[in-house]
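[1] Sharing a model prediction with you, sequence too.
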Amino acid sequence: MRNRTRVTAPAAVLLGTAAASTLAPTARAQGSHGGGTPGGDSLGDPVYPVLGNTGYRVSDYLLDLTYRADTQLVDASVTITARATQDLSRFSLDLLGPVVQDVWLDHRKATFEQAAEKLVVTPAACVRKHSKFLIRVDYVADPRKIKPPYNGWVPTPDGFAVACQPDLARTVFPCNDHPSDKANFAFKVTVPEGLKGVATGSLVSTRTVDGMTTFAYRSRDPIATEVVQVTVGDYRIVERQGPSGMRLRDVVPTARAAALEPALALTPGQLTWVEQRLGRFPFEAYGILPANTDAPDAFDFTGLETQTLTIYKPNYLLQEEKLIGSHMMHELVHSWFGNLVAPATWSDLWINEGHADYYGLLYRYERGWPDSLGLTSMEARMKDVYSRGDQWRKDAGPVAAPTAANLFHSQRYTGGVLVLYALWTLVGDDTFRRIEHSFLHKYRNSSASTADYIAVASQVSGQDLSGFLHDWLYGTKTPRMPGHPDWTVTPPTNSTAWKEEMRAPHDHASATL
């Protein structure tokens, strides 16, 4: 989870002088021969309409990054395999920041234009509908050049990590940067000897030539661009066994490995607990990445789910279990809600964050750990959240109707928990669990919308829940809570507290801290 109030930066700030040269007449898209029409430069996301592109679907990415320790720059290329969904005279990729050097289409140089938030590619001939095509983009990135909130790079003294949620994979590599277009990923990470290169998935090979080591990784399962992870640094890989023999892989700063071990050793027990509720862990491995930096502005979150690795601030994990265990569960649950099943649009974020907070709070209360309000039960916490319902709807909109400015408000987190609690209260524990399992099974390795969740809930419960859930998710007033006619909602005021909340680190929105 992450809090980023999206603001479009001026192109000159993001691209710089070198990138601006790509807009010279010789590099401008002129239109291809042989008919076809341009692909669209938006997937129409209601929160981030600039994201995504139409005219093709991506099947594979090969991301090849070389870290230069002397300059701290990254020489990179991405090779994308895609299939055209129309006759394409040109198409675009999402890109913000890196400087493009060359673009190749099916092994031939292509004409391109690098604009503020897009890389527009014009082939020499029309790309025909249903045909598969290969795009390679060579580029250079400076992880330290662009500061948050525009940067998906996390600079560290000895390398970098990445944190791409929600709309920042495009600052790391050219892509179709929308969770609805999941794809297979492979990685090559080349680093000076003595450093480690690590990525989402499993290590395939390691090769050292002339003092540089290349680590190759491949993910078994498709990934949404926003949960990709690549990291470079002086790390130790700590392997341990999880439930049912699953592989756990932590990527730990070498100098901090001993101090961080008590927190990392919590994962097997957490996995056992959550697998009893959501089923077997869905990916080939899981682990923790405490990024090797203490810089206060390195990133604006405590923890962020990336597929098979959760990135944290190291100092956070040095606390005792009762202060971190609930939040660690929150991030772990994202392996199911968020990674296995991605949001169809960013307005569906409540599915990710509501479920992560729901199970994180259950985990907390089962252990008797008081929450930030001093409460010790889900019922007590939900009664408190219920009382705030109309205020949150006034300040941040209905649960499933966010804007870019309030996307990471508590409404998407604890407000989402309240929706799930209302559903659980209405249908009972057994039916609620069957809804959860059915939803995860139906949309495994894909994306799903709020409407999809409502449809599954109705089908599994055997009753039409569309009206009930629509009121909870889209209504401007908080509905009555099933089974609790005595619960009351405090009338809203013209509060500005939510604006202060959005300026604070986004994890304040999570009830698990």
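    Nice, I can see it.
[2] Next, count neighbours for residue 494.
    By the measure other CB atoms under 10 Å, the count of residues near residue 494 is 6. Placement of C-beta: from N, CA and C, glycine included.
[3] ok, now residue 73?
    Close neighbours of residue 73, defined as other CB under 10 Å, add up to 17.
[4] and if you look at residue 264?
    Residue crowding around residue 264 was assessed by other CB under 10 Å; the count is 19.
[5] for residue 227, same thing?
    Using other CB under 10 Å, the number of residues around residue 227 comes to 24.
[6] for it, what are its contacts?
    Taking CB atoms under 8 Å, 6 or more residues apart in numbering as the definition of contact, the neighbours of residue 227 are 164, 165, 200, 305, 306, 307, 338, 339, 342.
[7] Those residues in strands, which ones?
    Among these, DSSP state E puts 305, 306, 342 in strands.
[8] what's the span of stretch 106-113, first residue to last?
    Counting by CA to CA, to the nearest Å, the length from the leading to the trailing residue of stretch 106-113 is 18 Å.
[9] For it, buried residues please.
    Using 16 or more other CB atoms under 10 Å as the test for burial, stretch 106-113 gives 110, 111, 112, 113.
[10] Tell me the one of the contacts of residue 227 nearest residue 429?
    residue 338 (23.1 Å; CB to CB).
[11] So what are the sheet partners of whichever helix or strand residue 66 is part of and their directions?
    Here residue 66 is covered by strand 56-68, with elements defined by DSSP states H and E. The sheet places strand 56-68 alongside strand 73-84 (antiparallel), strand 184-192 (parallel), with pairing taken from DSSP bridges.
[12] in terms of contact, does residue 442 touch residue 456 like I think?
    Yes. Taking contacts as CB atoms under 8 Å, residue 442 lies within contact range of residue 456: 6.3 Å.
[13] coming back round to it: nearest to residue 170, of the strands paired with strand 56-68?
    Judged by CB to CB, the one of the strands paired with strand 56-68 that comes nearest to residue 170 is strand 73-84, at 11.1 Å.
[14] For that closest one, list every residue counted as buried.
    Across strand 73-84, burial judged by 16+ other CB under 10 Å covers 73, 74, 75, 76, 77, 78, 79, 80, 82, 84.
[15] correct me, but the first one touches residue 153?
    Read that as residue 73. No. Shown here, residue 73 and residue 153 do not form a contact pair, counting by CB under 8 Å, at 11.1 Å.
[16] who touches both of those two?
    Residues touching both residue 73 and residue 153 (CB under 8 Å, 6+ apart): residue 141.
[17] hey, what's the residue nearest to residue 142 when sequence neighbours are not counted bridged with?
    Spatial nearest neighbour of residue 142, excluding adjacent residues (CB to CB, 6 or more residues apart in numbering): residue 73 at 5.5 Å. Taking DSSP bridges, one finds residue 68 as the beta-bridge partners of residue 73.
[18] For residue 73, which residues are in contact?
    Each residue near residue 73 by CB under 8 Å, 6+ apart is listed here: 140, 141, 142.
[19] now the last one: how far from residue 161?
    Computed as CB to CB, to the nearest Å, the residue 142 to residue 161 distance reads 15 Å.
[20] So for those two, which residue has more residues nearby?
    residue 161 (29 against 17).
[21] Tell me the spacing between that one and residue 304.
    Using CB to CB, one gets 10 Å for the distance from residue 161 to residue 304.
[22] if I look at these two, which residues touch both of them?
    The overlap between the contact sets of residue 161 and residue 304 (CB under 8 Å, 6+ apart) consists of residue 311.
[23] Now flag whichever of the contacts of residue 227 is closest to residue 37.
    When the contacts of residue 227 are compared for distance to residue 37, the smallest value, 28.4 Å, is given by residue 342; criterion: CB to CB.
[24] burial measure for that closest one, as a count.
    For residue 342, the number of neighbouring residues by other CB under 10 Å comes to 27.
[25] so who does it touch?
    With the criterion set at CB under 8 Å, 6+ apart, residue 342 makes contact with 179, 180, 182, 224, 226, 227, 446, 447, 448.
[26] again, 6 Å this time
    Taking CB atoms under 6 Å, 6 or more residues apart in numbering, we find residue 342 in contact with 179, 224, 447.
[27] And what about the first one, helix, strand or coil?
    Classification of residue 179 by DSSP: H, G, I helix; E, B strand; the rest coil places it in coil.
[28] before we move on, what about the last one?
    Three states are possible here, and by three-state DSSP the one that applies to residue 447 is strand.
[29] residue contacts, it?
    Applying CB under 6 Å, 6+ apart, we find residue 447 in contact with 179, 180, 342, 344.
[30] Quickly list what it is bridged to.
    Note on residue 447: beta-bridge partners by DSSP bridges are residue 342.
[31] and the gap between it and residue 169?
    As for residue 447, its distance to residue 169 is 15 Å (criterion: CB to CB).
[32] hmm, back to that, just the contacts of residue 227 now: which is nearest residue 60?
    Closest to residue 60 out of these is residue 200 (13.8 Å), distances taken as CB to CB.
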